[in-house]
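**Student:** What follows is a predicted structure for the sequence shown.
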Amino acid sequence: MASTSPARAFGAADNLDATVLYPVLGIDGRIVSGFEGSEETGMAITAGDVELGSGTVSSRLSGIEAGDFRPLLVIGDKPDDNMPDVPTLTELGLTGENKELAAAHLDLQNMGRMVWAPPGVPADTLAALQDAFAAASKNKDFLAKIEKADEAVDFTPGDEAKQVASEVLDAPERYKALLRQAFEAG
C-alpha cells in the first residue's frame, strides 16, 4: 500500500470482513463505518477516503472493470471467473488459528443470502416452501430476468443450507467473539 496510515474499511458486511480478516491477515487497520450501501462505499474507495473495502463481485465488478477498484483477494475457496488471477483466501497458506478463523468466515460467506423460516413450521409447509424456492431457481423466465439484471442465482437446497448454518454455529469461540465485536462496533 502506498499510504502510511493504517488501512481503513467500512461497516456492514465490509465491517465483518475487516473485523475478522484484519487480524487473520495481519493487517493494521481501522474500520470506518457509516456508509449507506455499496454505491456509497464504492465512491469512498474511488475518492480515496478508504484504502480497503470488500463486497460481492456483482457489486464491485463495474468498478473493477473501470479501473476504480483493484481486486486483491477473493474471500472464498474458489477463484472467481471474472478475476481468475486474484488469490483466494484458502490459497494464502494460513495455518493454526488463522486458518480456522478463515474457514469459519468462509462458512459464513457461504450462507450468502438465505431465506429462513422460524422453528416449529409444520413439515408440510416447510417442504412446500423449499419446493417453491427450488422450482423458482430453475424457472426460465425468472433466470432470464436475473441474467438481465447481471445477477446470479446460487441455489442451496434446504438440507444443505441447514448444514452450512450448523457449521457457522459450530465456529471457534474466537470467531464468534470477532463477530460480536463487529456488531457492537458497527
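**Tutor:** Sure thing, it's come through.
**Student:** Surely Asn82 and Arg60 touch.
**Tutor:** No - applying C-beta atoms under 8 Å as the test, Asn82 and Arg60 come out as separate, 9.6 Å apart. Heads up, the C-betas are built off the backbone N, CA and C, glycines and all.
**Student:** what about the two, which has more around it?
**Tutor:** Arg60 (21 against 14; other C-beta atoms under 10 Å).
**Student:** Surely that one touches Thr46?
**Tutor:** No - at 11.1 Å, Arg60 and Thr46 do not qualify as touching, with contact defined as C-beta under 8 Å.
**Student:** tell me, what's touching these two both at once?
**Tutor:** Phe69 (C-beta atoms under 8 Å, 6 or more residues apart in numbering).
**Student:** most centrally placed residue in the protein?
**Tutor:** In the chain, the residue lying closest to the centroid (C-alpha atoms, centre = their mean) is Gln109, at 4.5 Å.
**Student:** Looks to me like it is in a helix.
**Tutor:** Yes - counting by DSSP: H, G, I helix; E, B strand; the rest coil, Gln109 is found in a helix.
**Student:** give the contact list for it.
**Tutor:** Contacts for Gln109 were tallied using C-beta under 8 Å, 6+ apart; they are 75-76.
**Student:** Next, work out how far apart it and Asp141 are.
**Tutor:** Going from Gln109 to Asp141 by C-beta to C-beta, to the nearest Å gives 29 Å.
**Student:** ok, now Gln181?
**Tutor:** Counting by C-beta to C-beta - Gln181 and Asp141 are separated by 44 Å.
**Student:** In terms of neighbours, single out the busier of those two.
**Tutor:** Gln181 (15 against 8).
**Student:** for that one, what are its contacts?
**Tutor:** With C-beta under 8 Å, 6+ apart, Gln181 has these contacts: Thr19.
**Student:** ok, and the helix or strand in the protein with the lowest average confidence?
**Tutor:** When the helices and strands of the chain are compared on mean pLDDT, DSSP states H and E, strand 7-9 comes out lowest with a mean of 44.
**Student:** and for whatever helix or strand comes next after that one, what are the contacting residues?
**Tutor:** In the C-terminal direction, the helix or strand that comes right after strand 7-9 (DSSP states H and E) is helix 13-25. The contact list for helix 13-25 (C-beta under 8 Å, 6+ apart) reads 7, 9-10, 27-29, 31, 33, 35, 41, 52-55, 75, 89, 92, 94, 98, 101-102, 105, 108, 175, 178-179, 181-182, 185-186.
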